[in-house]
Each structure stands twice: as structure tokens, then as C-alpha cells.
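> give the three-dimensional model of this entry:
(chains A and B)
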Amino acid sequence: MSAEPMSMGSGAMPGSMLRWYPSGWRARYGDEFAAMVEDDLGGRPPTLRYRSSIARSGLKERLRGAGLVGDSVPPSERVRGGAFTVLCAFALFVIPGAGFAKISEHWDQSIPGGHRHVLAVSFNLLASLAGACGVAVMLGAAAVLPTFLRFLRDGGWTAIRRRVLWAVASTLATGAVTGGLAIWARHLTYHQRNTGFGWYQLLFTAFVILFAATIATWSAAAISATRCLRLGGVQIKATGSLAVAVAVCMPIMTAAAAVWWASMATTAPWFLAGTAPGSSPSPVAANLLIVLIVMIIASTVGVLGSLRVVSSWRLLPRA
Amino acid sequence: MARTTGTPTHRPNDPPILILTSLAGGPKHGHALSKDIEGFAGVILGPGALYGAITRLEERGLIEPLESDDRRRPYQISATGSAYLAEAVGEMQRLADEGARRLAVAHRVNPPRRGPRIAGSPA
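Next up is the predicted model:
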């Protein structure tokens, strides 16, 4: 049976609709599924509702295949799927995290000494947990490294080459834009860099997009590689517990960022607005609001992933 | 979400139960299954929902694919599937019996009121 969906007559479901399903599923059920859809439609064009129902089912099948929902895969795959979800959530979290680091740059030099306590505690908590999460991700990578090297030795490179090349290309592009941005920034004043919208801001926006793309492509490469690996029970448990630790840290970091914002808005709103010290601008900074919203989304996804790990943990075979 | 006591609970409109019930009457392919289910249960299962359930049922060994010359692959219920369906039907039957028994008791204690009589209708 072919892995590709059969081409179907005009008016029937186009074969591209089957692409919502994972390739393994298409290889097994693709032909008969397409035949059923042909019978079902009887030559009529599929409605939007019909198409969206197929798309929903296909995505559900992908999530099941990745061990993210349902109980049709072994507990170890469910733990692995939950850990992947946390990894994706943390990759997403890194983007607003970098934004927060940029917004809060040099804050301690701009605020009077007597008002720094809450700001310092929340900022240091966030920075420490971000560092701890980074270490946890590194430890997770180290735990699967021997298996990954064995996989590469056995010819696994071809399976992940495309994703890794995308990630490398994205990293190189980000590096080039970062270099250009840094050189240009030296010739601009603070005001030119931070107000209005011109070529510099356009390049900065391109940098943000490329930075996000780099995080996304490396995460995709890591997940693609790890999915190919046959991990042992200890490795599954190690990555699962590290994922739970990261997922616990993310809401705390989000709360710390919110506390930092509230405290800064009370103590020195001019810092958030980039106006003269002592002025009273609005403490609502749009960029900080976006940062917090993305942090909340990432934390929620991370917690959902960790719940998947925890709920499947007790079903893992004992060592 | 409803809590259960650990015993599996089956609902008559669950796609797996509908598919197993349909296949208990003989092997069928996807479209025939869909039409049969619509006929006996009044439930329309789209291809996504139907094949999602078929995938799960096959993974659990409750149904088996049959060889076919064309793309319309028929399925038949397996021995495990028959046992599963029998258990599900028994459970639903017990629930239906209990409901009927309690309704009968309730009707004896507090008979249902008749609707308002319409003038001119027989008593």
C-alpha cells in the first residue's frame, strides 16, 4: 500500500487533505480512507466543515502518534511526548525571556538604591530559575547524548539532516543580523534606537523573527532526533523529571516577571516608558505586556506537558 | 467529568461501540459501516471520527482487517472484540434494567399525571 494518498477526481477530497495525518497512518489507512471519502461525497465537493473535521482528526492522530494525547501508546512514549511538550514550551518561553532581558537591561543603574529590594528579588529569582532551566535542558541533552551518538554512527544522520540544516541556516542568518545590528547600534543614540519606527527598528524586528525561528528550528531538530532514539527506562525517567522541573519553574518565572513589572511601575514608571527620571508616564508597557502574555501561554503549555509526564509516570515499568 | 469506580463504562453512542455493534452483524468496509450505523443508531460518523475509532479498535485487537482486492478494505469483529462488545452490552443492559426498575417503582408511588383532557375526546 502506498504511503501517499491517491489522487482523487475533481469534486472529491483533494489528496492534500490526507496530509493532516502522520505518514505512518497514511501508509496503513490512506487508500481505504480516501476510498471512503470518495463514497461518502459521491462526487460532490467537500464542505468546509467536512474538510475541517478531517483536519481535526488528522491532527489528533498526529498528537496521539507523538504520545501527547490518548493511551494508545506505551507509557514511556507518553512521558517522552510530555517532555517534548515541555521542551517546546520552554523554547517558546525563551523568546519573551530574551525580550524581558532586553527591556530590563541596566534597570539596577536607573533606580534609587532604597527602592530596589522587591525589584532585585524578583529579577534575581527569574534570572536564577532561567539559568536552572537552561542547565536542566543541558542535562536532558546529556542524558540522551550517548544514544544519539550511537544513532548517528548507525546512519541516522539522513533522518535528521534536513531539520538540522534548517536550524544551522537559521542560526547563521540570526548571527549575521545580530552582528549588523550591534555595529549599527554603536552609531545611534538611545533615542534613535528606542523610539519611532525606521530601518533600525525594521532590522530589529527581523532579528526577533530570526531569533524565534532559530529557537523553533533547533527545537524541531532536537525533537526529530530524540523521536528516532530508542531510550532506556533511566533516560526516559531522567528527561521526564527534568521536564517536570522546567515546567514548575516557568510559572514561577512568569510570576516573578509580573512582580518586577508591578514594582517597577510603582517605583520608576519612567524606566518602562524610556522617559526622563522623575516623570510620570503610563506604567503599561505594551512590549512587557506581550512578553507576559507569551510567558503565560508557554507556562500553561509546559504545565500541560508536565501533567502528561506525571500521569504516565506510575505506569512506567520499575527498574 | 463523571467519576467512575474503575469499572469501564460504555455509552451506546461511542464510536467504538457503534462500530463493534455494526461489525457484529458481519464484515463491512468504511462507507458501509458509516451507512449501517446511521441506519440503526441515527448517528452520522464522519470519515475522521470513523477511522480514528477503527485505528484504536485495530490497535487493541478488537477488529481485524480482511484481505480485499480493491481500496475498500472490510473489517470483521475479532473474538476479543465480541467479548468486549458482550461485556459492554451487558453493562448497558444492567443500567437499562435498573433504570426501568426504578421508573416502575417511581410510577407506582407517584403515577405520572395525564395531560389535560381535551374537550370532546374520549375519557
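
> write out the residues of chain B neighbouring chain A.
Proximity of chain B to chain A, by CB under 8 Å from any CB of the partner chain, involves residues B:29-31, B:34, B:46-52, B:54-56, B:59-60, B:70-73. Heads up, the C-betas are built off the backbone N, CA and C, glycines and all.

> whatever residue of chain B ends up closest to chain A: neighbour count?
Chain A sits closest to B:Gly48 of chain B, with a gap of 2.7 Å, by CB to the nearest CB. Using other CB atoms under 10 Å in any protein chain shown, B:Gly48 is surrounded by 24 other residues.

> and the nearest residue to it once chain neighbours are set aside, what element?
Nearest residue to B:Gly48, sequence neighbours excluded (CB to CB, 6 or more residues apart in numbering or on different chains): A:Ser57, at 2.7 Å. Secondary structure assignment for A:Ser57, by DSSP states H and E: helix A:48-65.

> in stretch A:135-150, what's buried?
For stretch A:135-150, the neighbour count (16 or more other CB atoms under 10 Å in any protein chain shown) marks A:136-137, A:140, A:143-144, A:147-148 as buried.

> same check, this time on stretch A:311-319
Within stretch A:311-319, the residues scored as buried using 16+ other CB under 10 Å are A:312-313, A:316.

> same question, stretch B:16-29
For stretch B:16-29, by 16+ other CB under 10 Å, it's B:16-23, B:27-29.

> what do you get for stretch A:155-172?
Buried residues in stretch A:155-172 (16+ other CB under 10 Å): A:156, A:160, A:163-164, A:166-167, A:170-171.

> quick one on the thing from earlier: do you know how far the residue of chain B closest to chain A is from A:Pro251?
Counting by CB to CB, to the nearest Å, the gap from B:Gly48 to A:Pro251 is 34 Å.

> residue contacts, the nearest residue to A:Ala258 once chain neighbours are set aside?
Distance criterion CB to CB, 6+ apart; nearest residue to A:Ala258, sequence neighbours excluded, is A:Leu292 at 6.1 Å. Shown in contact with A:Leu292 (CB atoms under 8 Å, 6 or more residues apart in numbering or on different chains): A:96, A:254, A:257-258, A:261.

> just checking, what packs against the lowest-mean-pLDDT helix or strand in chain B?
Sorting the helices and strands of chain B by mean pLDDT, DSSP states H and E puts helix B:79-109 at the bottom, at a mean of 90. When contacts are defined as 3 or more CB pairs under 8 Å, 6 or more residues apart in numbering or on different chains; DSSP states H and E, helix B:79-109 sits against helix B:15-24.

> next helix or strand past the helix it packs on?
With elements assigned by DSSP H and E, the helix or strand that comes after helix B:15-24 is helix B:30-41.

> distance check, B:Ser22 against B:Arg11.
With distances taken as CB to CB, B:Ser22 is found 16 Å from B:Arg11.

> could I get the phi/psi values of A:Leu231?
Dihedral pair for A:Leu231: phi -90, psi 140, per degrees, to the nearest 10.

> what's the neighbour count on it?
Counted with other CB under 10 Å, residues neighbouring A:Leu231 total 19.

> excluding its backbone neighbours, what's nearest A:Tyr29?
Closest to A:Tyr29 by CB to CB, 6+ apart is B:Tyr51, at 5.9 Å.

> next secondary structure after the helix or strand that B:Gly48 is a member of?
Following DSSP H and E, one finds B:Gly48 within helix B:47-59. With elements assigned by DSSP H and E, the helix or strand that comes after helix B:47-59 is strand B:63-65.

> give the pairing partners of that next one; include direction for each.
Using DSSP bridges, strand B:63-65 pairs in its sheet with strand B:75-77 (antiparallel).

> other residues contacting the strand it pairs with?
For strand B:75-77, contacts defined as CB under 8 Å, 6+ apart pick out B:20, B:23-24, B:26-29, B:33, B:54, B:58, B:62-66, B:85.

> show me which pair in the residues you listed is furthest apart.
B:His29 and B:Leu85 (19.2 Å; CB to CB).

> residues contacting the residue nearest to A:Gly70 when sequence neighbours are not counted?
Nearest-residue entry for A:Gly70: A:Arg64, 4.6 Å, with adjacent residues in sequence omitted and distances by CB to CB, 6+ apart. Contact analysis of A:Arg64 by CB under 8 Å, 6+ apart lists A:70, A:72-73.

> by pLDDT, give me the weakest of those residues.
Least confident entry in those, by pLDDT: A:Ser72, with 70.

> where does that one fall, phi/psi-wise?
Dihedral angles (degrees, to the nearest 10) for A:Ser72: phi -90, psi -10.

> let me see the contact set for it.
A:64, B:55-56, B:59-60.

> where in the chain is pLDDT low?
By default, I'm working from chain A. By pLDDT under 70, the low-scoring segments of chain A are A:1-15, A:113-114, A:190-197, A:276-280, A:283, A:318-319.

> try again with chain B
Ranges of chain B meeting pLDDT under 70: B:1-9, B:112-123.

> surely A:Ile236 and A:Gly81 touch.
No. Assessed by CB atoms under 8 Å, A:Ile236 is found out of contact with A:Gly81, at 11.0 Å.

> Three-state assignment for the residue positioned nearest the centre of chain B, please.
Among the residues of chain B, the one closest to the centroid is B:Pro12, at 3.4 Å (CA atoms, centre = their mean). Secondary structure assignment for B:Pro12 (DSSP: H, G, I helix; E, B strand; the rest coil): coil.

> excluding residues flanking it in the chain, which one is nearest it?
B:Met92 (6.1 Å).
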